[in-house]
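the sequence isn't on hand, but the structure is:
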């Protein structure tokens, strides 16, 4: 089953969806490995047309490549498979769109994008800093994904928004200038600017949203942004920056029996796809 409107064949597509159903390092409540499949199934509850953008998914070229078959409990092989898939999509001149899965899956796609784009920058929306050097002795944890991305990119190329949870050490790492962080809100996003054409990887951990709107996630954090705020921020990023790849992660559909988290995730993805420069 494809995500609604993502019916183009691979050769003609400008963007390619693929799922990474993996949550072996989830630190609290598991279930994110079911996120991508749930989004495909529930996407038929929304329209392909966006009245806000006056665009329709039936008018854009998006291919849904389905889910990868990832080895459960083995983060490095799973990351290698994600990296290879994203790299192949990038090599063909298309935009990889990764559906999680836990946030660790981002690292595989970032590694691929950084190899193709050495001047890559990351824009990161999340409740959590994800800057631990390790979590319970494991450096390949979803709690460490931005630290591992920093290992790839170095200082000054990760911009974080909505962060409201982390250790004292993580916040010290931010203050030392390794990454640029806007805690709690997204108010400084309009001030971010890069040279024209700078490649950007956009990663959206959907727990950046307040749990009153998005309870279906493994590590909910009170005090989050609202859907309309996140949507405005994402449209801004897509309009102003050269987004070469992006992901949406950490939907755990079984943790929200109402289904509203999955419905929100579907609508968010539709708006992102329709906002892309393609």
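Received, thanks. Remember, predicted model here, so these are calculated numbers, not experimental data. Residues are numbered from 1 along each chain as shown.

mind listing the helices for this structure?
Using DSSP state H, the helices of the chain run over residues 35-42, 75-91, 105-116, 145-153, 168-175, 227-240, 260-275.

flag every buried residue along the fourth one.
Okay, so that is helix 145-153. Under the neighbour-count criterion of 16 or more other Cβ atoms under 10 Å, helix 145-153 has 145-150, 152-153 buried. The way it works is simple: take the backbone N, C-alpha and C, and place the C-beta from them, glycine included.

and the second one, by the same measure?
In terms of neighbour count (16+ other Cβ under 10 Å), helix 75-91 has its buried residues at 75, 78-79, 81-83, 85-87, 89-90.

leaving out chain neighbours, which residue sits closest to residue 252?
residue 31 (3.4 Å; Cβ to Cβ, 6 or more residues apart in numbering).

isn't the one you found up against residue 218?
Yes. Using Cβ atoms under 8 Å, residue 31 makes contact with residue 218 at a distance of 6.4 Å.

how many residues are close by residue 194?
Number of residues near residue 194 (other Cβ atoms under 10 Å) recorded here: 16.

what sits against the residue nearest to residue 252?
The contact partners of residue 31, by Cβ atoms under 8 Å, 6 or more residues apart in numbering, come to 23, 218, 252-255.

give the PyMOL command for selecting the buried subset of the residues you listed.
Selection of buried members from the contacts of residue 31 for PyMOL, criterion 16+ other Cβ under 10 Å:
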select buried, resi 23+218+252+253+255
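
between the contacts of residue 31, which is closest to residue 271?
Residue 271 has its nearest neighbour among those in residue 253, at 19.3 Å by Cβ to Cβ.

could you give the number of residues near the closest residue to residue 86 other than its chain neighbours?
Computed as Cβ to Cβ, 6+ apart, the closest residue to residue 86 that is not its neighbour in sequence is residue 112, at 3.8 Å. By the measure other Cβ under 10 Å, the count of residues near residue 112 is 24.

hmm, residue 112 is touching residue 91, no?
No. The criterion here is Cβ under 8 Å, and residue 112 misses it with residue 91 at 9.1 Å.

now do the same end-to-end measure for stretch 253-265.
End-to-end span of stretch 253-265 (Cα to Cα, to the nearest Å): 10 Å.

that one: how far from the chain's middle?
17 Å (Cα atoms, centre = their mean, to the nearest Å).

and stretch 179-194, by the same measure?
The answer for stretch 179-194 is 17 Å, by Cα atoms, centre = their mean.

give me the buried positions along it.
Buried, per 16+ other Cβ under 10 Å, within stretch 179-194: 179-182, 186, 189, 192, 194.

can I get those residues in JSON lines with distance to residue 208?
Below are these laid out as JSON lines (distance: Cβ to Cβ, whole Å):
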{"residue": "179", "distance to residue 208": "16"}
{"residue": "180", "distance to residue 208": "16"}
{"residue": "181", "distance to residue 208": "13"}
{"residue": "182", "distance to residue 208": "11"}
{"residue": "186", "distance to residue 208": "9"}
{"residue": "189", "distance to residue 208": "12"}
{"residue": "192", "distance to residue 208": "16"}
{"residue": "194", "distance to residue 208": "21"}
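
show me these that map onto strands.
Using DSSP state E, the subset of the buried residues of stretch 179-194 located in strands is 180-182.

quick one: pLDDT of residue 138?
You'll see residue 138 listed with a pLDDT of 91.

what about it, how many residues nearby?
15.

re the thing from before, closest one of the buried residues of helix 75-91 to residue 122?
residue 86 (14.0 Å).

who is the nearest residue to residue 89 once chain neighbours are set aside paired with across the strands?
The shortest distance from residue 89 to any non-neighbouring residue, by Cβ to Cβ, 6+ apart, is to residue 96 (4.3 Å). Judged by DSSP bridges, the bridge partners of residue 96 are residue 16.
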